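Q: Could you look at this predicted model? Sequence included:
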Amino acid sequence: KIYKIFPWTEKIENINDQYWTLRAEEIPEEEKDMGPQDRLIHVYHFIRDASQHHMIQNFGEPFFLVVHEGETLVDVKLRIQKKLQVLDEEISKWKFAFLSLGRPEYLQDTDIVATRFQKKETYGAWEHYLGLEHTDQTSKRSHQVSQNRHAFEKPVKIYN
């Protein structure tokens, strides 16, 4: 879960990372140039719990995505596919849902995504997110990473 976004002016040494896992990433241009009707939404990967079908389990790395006014799910899918570098064959198996309080409402390709998300000033707006339902490939990859960690990960260097 993403709990806080630090302003770019925040000094790294002032950030208390005792309780949180920190992640630094470049802000995409579309997030820098958001229009008044655009929404910055959370996107999570999830699966349904096999033993309790009404329960969902999030996995992987959550991320933000700008959703534009009037944009259909088809358009959003294409941008997510490009961002995550997912093959056509794989993403065709995914289901997309608006989640509120852990309950998925599955979206159709023609649905206007932004209409599902309230204004960011609304209390609890971050509890609403776009869910990507698909199999969890991370558990397979994490085993491979532990076998040869340096083949998959590159260090991040931050210079002040």
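A: Received the coordinates, thanks. Everything quoted here is computed from the prediction, not taken from an experiment.
Q: From here on, just use CA atoms for contacts and neighbour counts.
A: OK.
Q: where does Val66 land on pLDDT?
A: According to the prediction, Val66 has pLDDT 92.
Q: Return the mean pLDDT over stretch 46-59, rounded to an integer.
A: 81.
Q: Phi and psi next, for Pro7.
A: Torsion angles at Pro7 (phi, psi; degrees, to the nearest 10) stand at phi -70, psi 150.
Q: And the helices in the chain?
A: 29-32, 73-84, 88-91, 138-147, 149-152 (DSSP state H).
Q: Go through those and find the least confident stretch.
A: Ranked by mean pLDDT, the helices of the chain end with helix 149-152 at the bottom, a mean of 44.
Q: I'd say Leu99 and Glu105 touch.
A: Yes: using Cα atoms under 8 Å, Leu99 is in contact with Glu105, at 6.3 Å.
Q: Longest strand in this protein, please.
A: strand 56-67 (DSSP state E).
Q: what helices or strands is that one leaning on?
A: If you count contacts as 3 or more Cα pairs under 8 Å, 6 or more residues apart in numbering; DSSP states H and E, strand 56-67 packs onto helix 29-32, strand 39-48.
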